[in-house]
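> Next comes the sequence, and after it the predicted model I'd like to discuss.
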Amino acid sequence: MYTAVLFLGVQNSSSVQPVVAVERTVFYREKAAGMYSALPYAFSQ
């Protein structure tokens, strides 16, 4: 049971990682441009 849950967690983590990396890049670019603060971005997620 422990191994199955651990495997699913690692699998989920590895599939989400590229999506988070792209969104973080977009957030940093738009934050540097002064488009909006971090709070509205967090609510939109």
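Arrived safely. These numbers come from a predicted model, not from an experiment.
> So which residue is dead centre in this structure?
For the chain, the residue nearest the mean C-alpha position is residue 20 (3.0 Å; CA atoms, centre = their mean).
> phi, psi of that one?
Here the main-chain torsion angles of residue 20 (degrees, to the nearest 10) amount to phi -60, psi -40.
> so what pLDDT did it get?
Model confidence at residue 20, given as pLDDT, is 82.
> From residue 45, how far out is it?
11 Å (CB to CB, to the nearest Å). Bear in mind the C-beta positions are built from the backbone N, C-alpha and C, glycine included.
> try residue 37
Look at residue 37 and residue 45: by CB to CB, they are 14 Å apart.
> With neighbour numbers in mind, choose between those two.
Per other CB atoms under 10 Å, whichever of residue 37 and residue 45 has more neighbours is residue 37, with 9 against 6.
> Can you point out the buried residues in the helix or strand of the chain with the lowest mean pLDDT?
Within the chain, judged by mean pLDDT, DSSP states H and E, the helix or strand with the poorest mean is helix 38-44; its value is a mean of 74. By neighbour count, and taking 16 or more other CB atoms under 10 Å as the criterion, helix 38-44 has no buried residues at all.
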